[in-house]
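**Q** Provided below are the primary sequence and the corresponding predicted coordinates.
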Amino acid sequence: MNILLLCLASGLLIVFLRILFKFLKSNQALPEAIKDSVKEELRGPNTAGFLTMSKLEKKIWYEEEVAFIFRLIEDISLNLNRDEIARHIVSQVQQFLNAKISVLILIDENTQEARIRYAQGLEEEMVRDLVLKKGESISGWVMQKNEALLVTSLNNEAWFKKINKEVYFKNSFISVALSNDKQPLGVINVCGKKTGEAFTKEDLKFLTSVAKMAAIAFSNVRLHEQMQEGYLKTITALAATIDARDPYTRKHSENVTKYSTEISRQLNCSALDIEMIRRAGLLHDIGKIGIRDEVLLKPGKLNQEEFEQIKLHPQKGEAIVQSLSFLKEISLLIRHHHERYDAGGYPDGLKGEKIVLGARILAVADSFDAMNSDRPYRKRLSPEIIKEELIKNKGTQFDPEIIDCFLGILEKHPEICGWQ
Ligand SMILES: [Fe+2]
């Protein structure tokens, strides 16, 4: 994965180094003092627009544009965080084009709805509430047509004025689609120059270059996510084979994942932590892959030696996921899912909050599902007995806060575990 990203980034850099080389070949560098004085005029309130720029002013504009694109490539090409990329592009573009409003909209792959990912100059409510369906409003039209649209005055554009659902489009604006070869990804908009002037064709060309870079960066993020998802599916199928080895533990990993993610949601864990807990739930017993059938599937009581073998599965699981870069973060959750809050667990005998939160959550979900499932030597326990057991072991085996949270979930949603 890292190699693929590096190749993409290197490709990008090579393309732009060529562009820069061509540019430098045809333009000699300007003395800094001249640049500064002209920049002042270009950024000043009386700028008369690109058409009236002198040759020198245009040269400086191009130099700044190339430098901007270079900085942008450097800043976003290896970033895999959608929000950071969006924030960076929006703030930099707004500053460069001296715009009042700058907006980046992305299409949600699942719902196909377009929402604002980041904006500057807009009210929070609008950023939160604006949802565009395919082809809707000006941004929707630009995305659908894969257009780069420059409007110098909305009042002169009756049709765009009529379809405008995004009230921030007023007077002059630019709207450029972000797309890869296969599909539209979103749109970037700038509205109203702070100087009160209209945007120019040069501004449009500049924003089109930015949109190309942005589309590559967002496509990289999506590619990375798809690859991670693919790896996860493979490893989950592997984990399911462990459950399948024993008819009594079928669906165990799935159930543990369901309870753990619900607990972590109720505890207000971050989206990233919830995702890690979900993955750890699916894979918490992956280490059992290395345990012989006659031990793992033994219907009767295990002897000491057999139990010692079973007790090795958290470390074996940790070793398996540590070898996969995208699962490294959950290795501790897997290692510690059999620790006890009072330090009586294994493999490390950690106590209380020294056990990572995700592992404390897994411990509750894991024990609950064991009690709530049939075993070769007993039927599933009744809801009353299970609740008693959870309360009895609060503060000894289990983190008391997590038990309170889980009891609350069971009270409100008994259907989550088939209690109805
Ligand atoms: Fe386990």
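**A** Yes, it's here.
**Q** can you map out the helices along the stretch 251-400 of the chain?
**A** 252-266, 271-283, 293-296, 304-310, 313-322, 331-335, 357-371, 383-392, 400-412 (DSSP state H, counting those that start in this stretch).
**Q** neighbouring contacts of the last one?
**A** When contacts are taken as Cβ atoms under 8 Å, 6 or more residues apart in numbering, the neighbours of helix 400-412 outside the stretch itself are 259, 262-263, 266-267, 341, 360-361, 364-365, 368, 383, 387, 390-391, 393-394, 416-417, 419. Heads up, the C-betas are built off the backbone N, CA and C, glycines and all.
**Q** what about I101, which SS state?
**A** strand (DSSP: H, G, I helix; E, B strand; the rest coil).
**Q** can you name the residues that contact it?
**A** By Cβ under 8 Å, 6+ apart, the residues touching I101 are 94, 119-122, 168, 189-192.
**Q** give me that answer again for 10 Å
**A** 90, 94, 119-122, 168-170, 173, 189-192 (Cβ atoms under 10 Å, 6 or more residues apart in numbering).
**Q** quick one: it and N146, what's the gap?
**A** Distance from I101 to N146, counting by Cβ to Cβ, to the nearest Å: 22 Å.
**Q** now do V127
**A** Distance, V127 to N146, using Cβ to Cβ: 24 Å.
**Q** domain parsing for this protein?
**A** Domain segmentation of the chain under automatic domain parsing yields 2-222, 246-417.
**Q** wait, E136 sits on I163?
**A** Yes. Counting by Cβ atoms under 10 Å, E136 does reach I163; the two are 7.9 Å apart.
**Q** pLDDT weak spots in the stretch 1-150 of the chain?
**A** Where the stretch 1-150 of the chain drops to pLDDT under 70, the residues are 1-53.
**Q** do a quick rundown of the helices in it.
**A** Secondary structure of the stretch 1-150 of the chain by DSSP H, counting those that start in this stretch: the helices cover 2-26, 32-43, 55-76, 82-97, 124-129, 137-145.
**Q** follow-up on the earlier one: dump the domains of the chain to JSON lines, plus distance to I235.
**A** JSON lines is the format used below for the domains of the chain (distance: least, Cβ to Cβ, whole Å):
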{"stretch": "domain 2-222", "distance to I235": "19"}
{"stretch": "domain 246-417", "distance to I235": "6"}
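**Q** so which of these comes closest to A240?
**A** Across these, A240 has its closest neighbour in domain 246-417 (6.9 Å, Cβ to Cβ).
**Q** between the two ends of the closest one, how far is it?
**A** One end of domain 246-417 to the other measures 20 Å (Cα to Cα, to the nearest Å).
**Q** and stretch 274-283, how far out from the chain's middle?
**A** With Cα atoms, centre = their mean, to the nearest Å as the basis, stretch 274-283 stands 15 Å off its chain's centre.
**Q** quick one: mean pLDDT over it.
**A** Stretch 274-283 shows a mean pLDDT of 93.
**Q** wait, which of the domains of the chain is closest to L232?
**A** Closest to L232 of the domains of the chain is domain 246-417 (Cβ to Cβ; 6.6 Å).
**Q** avg pLDDT for the helix ranked longest in the chain?
**A** The longest helix of the chain (DSSP state H) is helix 201-245. Throughout helix 201-245, pLDDT has a mean value of 86.
**Q** tilt between it and helix 55-76?
**A** Going by axes from the mean of the first three to the mean of the last three Cα atoms, to 10 degrees, helix 201-245 is angled at 10 degrees with respect to helix 55-76.
**Q** so helix 201-245 versus helix 313-322, what angle?
**A** 150 degrees.
**Q** next one: helix 201-245 to chain centre, how far?
**A** On the basis of Cα atoms, centre = their mean, helix 201-245 sits 9 Å off its chain's mean C-alpha point.
**Q** ok and that helix relative to helix 252-266, angle-wise?
**A** In terms of direction (the same axes, to 10 degrees), helix 201-245 departs from helix 252-266 by 130 degrees.
**Q** next, the angle from helix 201-245 to helix 271-283.
**A** 30 degrees.
**Q** what angle sits between helix 201-245 and helix 82-97?
**A** Relative orientation of helix 201-245 and helix 82-97, computed by the same axes, to 10 degrees: 180 degrees.
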